[in-house]
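Participant: Any chance you can model this:
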Amino acid sequence: MIFIYSTFPTKEEAEKMAEELIRQKLAVCVNILASDSVYAGEGKIEKSKEAVAIIKTRKINFKRVEKFISEKHSYKIPCIVGIPIRKVNKKYFHWLKEVLRKQNN
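Facilitator: Alright, predicted model coming up:
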């Protein structure tokens, strides 16, 4: 299992991406959180509101999710970070594998 962390300029864009990832069985769940971001801009410190997406999927899906987000994201250089999960309860992991199983066959 892996979490893929990504940020979006709006909640609406994050939701559209989440729905399509789930529809295509690239993710089993996406949590979307509001975020105040501070980052290095063009020669100065920038601040903005963003939506953080935590995408729950299998490790083998990282490249496909990365490609999907990169192609559809409105940012020129989107943040797409894979966070491996070391422990997960068995029932949840079994459910995740079952939901995503058809996509991998």
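Participant: low pLDDT regions in this protein?
Facilitator: 102-105 (pLDDT under 70).
Participant: Assign the residue lying farthest from the centre of it to helix, strand or coil.
Facilitator: For the chain, the residue at maximal distance from the C-alpha centroid (C-alpha atoms, centre = their mean) is residue 43, at 28.3 Å. Assigned with DSSP: H, G, I helix; E, B strand; the rest coil, residue 43 falls in the coil class.
Participant: for residue 47, same thing?
Facilitator: Classification of residue 47 by three-state DSSP places it in strand.
Participant: Now do the SS call for the closest residue to residue 21 other than its chain neighbours.
Facilitator: Nearest residue to residue 21, sequence neighbours excluded (C-beta to C-beta, 6 or more residues apart in numbering): residue 27, at 4.0 Å. To be clear about C-beta, it is placed using only N, CA and C from the backbone, and glycine gets the same treatment. Residue 27 carries the three-state label coil when classified by three-state DSSP.
Participant: Count the residues that sit near residue 27.
Facilitator: For residue 27, the neighbour count with other C-beta atoms under 10 Å is 27.
Participant: now it: how far from residue 18?
Facilitator: 7 Å (C-beta to C-beta, to the nearest Å).
Participant: Identify the contacts common to those two.
Facilitator: residue 55 (C-beta atoms under 8 Å, 6 or more residues apart in numbering).
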